[in-house]
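J.: Build me a model:
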Amino acid sequence: MDNQALLTALQKELSLELYDQLNEKELQLRVQEKVNELIEHDFGKLVNILYRIDVSEQKLKQLLESNDDKDAAAIIAGLIIERQMEKIKSRHDTRHFDNTNDTEDKW
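T.: Numbers count the residues shown, from 1 in each chain. As a prediction, the model looks like this:
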(Lines give C-alpha, C1' and ligand atoms only; values in the text may rest on other atoms or scores of the structure.)
Protein backbone atom coordinates (compact mmCIF):
# COMPACT_ATOMS: atom_id res chain seq x y z
CA MET A 1 0.00 0.00 0.00
CA ASP A 2 1.19 3.51 -0.80
CA ASN A 3 1.54 5.02 2.67
CA GLN A 4 2.38 8.46 1.33
CA ALA A 5 -0.80 8.51 -0.76
CA LEU A 6 -2.82 7.45 2.27
CA LEU A 7 -1.27 10.14 4.48
CA THR A 8 -1.84 12.78 1.80
CA ALA A 9 -5.48 11.77 1.35
CA LEU A 10 -6.14 11.80 5.10
CA GLN A 11 -4.40 15.14 5.53
CA LYS A 12 -6.51 16.64 2.76
CA GLU A 13 -9.85 15.22 3.84
CA LEU A 14 -9.44 15.76 7.59
CA SER A 15 -7.29 18.92 7.61
CA LEU A 16 -4.87 16.94 9.72
CA GLU A 17 -1.08 17.20 10.04
CA LEU A 18 0.50 13.77 9.74
CA TYR A 19 4.17 12.88 9.55
CA ASP A 20 5.67 10.15 7.38
CA GLN A 21 6.91 7.89 10.18
CA LEU A 22 3.51 6.96 11.62
CA ASN A 23 2.83 3.29 12.14
CA GLU A 24 -0.69 1.89 11.69
CA LYS A 25 -1.61 2.25 15.36
CA GLU A 26 -0.39 5.85 15.54
CA LEU A 27 -2.24 6.71 12.35
CA GLN A 28 -5.44 5.16 13.72
CA LEU A 29 -5.05 7.19 16.93
CA ARG A 30 -4.45 10.49 15.11
CA VAL A 31 -7.49 9.99 12.88
CA GLN A 32 -9.52 8.85 15.88
CA GLU A 33 -8.58 12.01 17.79
CA LYS A 34 -9.70 14.16 14.86
CA VAL A 35 -12.98 12.24 14.55
CA ASN A 36 -13.59 12.64 18.29
CA GLU A 37 -12.97 16.38 17.98
CA LEU A 38 -15.46 16.59 15.13
CA ILE A 39 -18.06 14.55 17.04
CA GLU A 40 -17.79 16.96 19.95
CA HIS A 41 -17.48 20.27 18.10
CA ASP A 42 -18.67 19.98 14.48
CA PHE A 43 -20.74 16.87 13.85
CA GLY A 44 -22.10 18.28 10.58
CA LYS A 45 -18.57 18.57 9.22
CA LEU A 46 -17.88 14.95 10.17
CA VAL A 47 -21.00 13.80 8.33
CA ASN A 48 -19.92 15.84 5.30
CA ILE A 49 -16.44 14.27 5.38
CA LEU A 50 -17.89 10.76 5.63
CA TYR A 51 -20.16 11.51 2.67
CA ARG A 52 -17.32 13.00 0.61
CA ILE A 53 -14.99 10.06 1.36
CA ASP A 54 -17.89 7.73 0.55
CA VAL A 55 -17.90 5.72 3.77
CA SER A 56 -20.77 3.26 3.63
CA GLU A 57 -23.57 4.54 5.85
CA GLN A 58 -25.00 1.03 6.16
CA LYS A 59 -21.63 -0.43 7.19
CA LEU A 60 -21.08 2.38 9.70
CA LYS A 61 -24.50 1.88 11.29
CA GLN A 62 -24.02 -1.88 11.46
CA LEU A 63 -20.58 -1.56 13.08
CA LEU A 64 -21.77 1.03 15.59
CA GLU A 65 -24.76 -1.12 16.57
CA SER A 66 -22.79 -4.35 16.88
CA ASN A 67 -19.91 -2.72 18.79
CA ASP A 68 -21.78 -0.47 21.21
CA ASP A 69 -19.07 -1.09 23.83
CA LYS A 70 -16.35 0.28 21.53
CA ASP A 71 -15.49 3.97 21.04
CA ALA A 72 -17.50 5.33 18.10
CA ALA A 73 -14.57 7.54 17.03
CA ALA A 74 -12.34 4.44 16.75
CA ILE A 75 -14.88 2.70 14.52
CA ILE A 76 -15.35 5.76 12.32
CA ALA A 77 -11.58 6.35 12.07
CA GLY A 78 -11.06 2.73 11.00
CA LEU A 79 -13.70 3.08 8.30
CA ILE A 80 -12.20 6.34 7.02
CA ILE A 81 -8.74 4.77 6.75
CA GLU A 82 -10.15 1.60 5.16
CA ARG A 83 -12.12 3.58 2.56
CA GLN A 84 -9.17 5.79 1.67
CA MET A 85 -7.01 2.68 1.21
CA GLU A 86 -9.67 1.14 -1.06
CA LYS A 87 -9.76 4.29 -3.19
CA ILE A 88 -5.96 4.39 -3.51
CA LYS A 89 -5.87 0.70 -4.50
CA SER A 90 -8.62 1.25 -7.04
CA ARG A 91 -6.77 4.19 -8.61
CA HIS A 92 -3.57 2.13 -8.72
CA ASP A 93 -5.33 -0.84 -10.31
CA THR A 94 -7.01 1.40 -12.89
CA ARG A 95 -3.70 3.04 -13.81
CA HIS A 96 -2.01 -0.36 -14.03
CA PHE A 97 -4.84 -1.69 -16.24
CA ASP A 98 -4.66 1.36 -18.52
CA ASN A 99 -0.91 0.96 -18.93
CA THR A 100 -1.14 -2.72 -19.84
CA ASN A 101 -3.74 -2.33 -22.61
CA ASP A 102 -2.70 -1.77 -26.20
CA THR A 103 -3.15 1.75 -27.48
CA GLU A 104 -5.59 0.40 -30.08
CA ASP A 105 -7.99 -0.63 -27.32
CA LYS A 106 -8.13 2.86 -25.89
CA TRP A 107 -10.82 5.24 -27.01
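
J.: in this structure, which spans are helices?
T.: In the chain, helices defined by DSSP state H lie at 3-14, 24-41, 43-53, 57-66, 72-100, listed in chain order.

J.: can you redo these as JSON lines with mean neighbour count?
T.: Bear in mind the C-beta positions are built from the backbone N, C-alpha and C, glycine included. Output for the helices of the chain, formatted as JSON lines (neighbours: other C-beta atoms under 10 Å):
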{"stretch": "helix 3-14", "mean neighbour count": "16"}
{"stretch": "helix 24-41", "mean neighbour count": "16"}
{"stretch": "helix 43-53", "mean neighbour count": "14"}
{"stretch": "helix 57-66", "mean neighbour count": "12"}
{"stretch": "helix 72-100", "mean neighbour count": "15"}
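
J.: Could you give the number of residues near Asn67?
T.: 12 (other C-beta atoms under 10 Å).

J.: List the residues that contact the spatially closest residue to it that is not a sequence neighbour.
T.: Distance criterion C-beta to C-beta, 6 or more residues apart in numbering; nearest residue to Asn67, sequence neighbours excluded, is Ile75 at 6.1 Å. Neighbouring residues of Ile75 by C-beta atoms under 8 Å, 6 or more residues apart in numbering: Leu60, Leu63, Leu64, Asn67.

J.: okay but the third one is in contact with Asp71, surely?
T.: No: counting by C-beta atoms under 8 Å, Leu64 stays clear of Asp71, with 10.4 Å between them.

J.: Distance of the nearest residue to Ala9 once chain neighbours are set aside relative to Glu65?
T.: The spatially closest residue to Ala9, leaving aside those adjacent along the chain, is Gln84, at 4.7 Å (C-beta to C-beta, 6+ apart). Using C-beta to C-beta, to the nearest Å, Gln84 is found at 23 Å from Glu65.

J.: Nice, that's everything, thank you.
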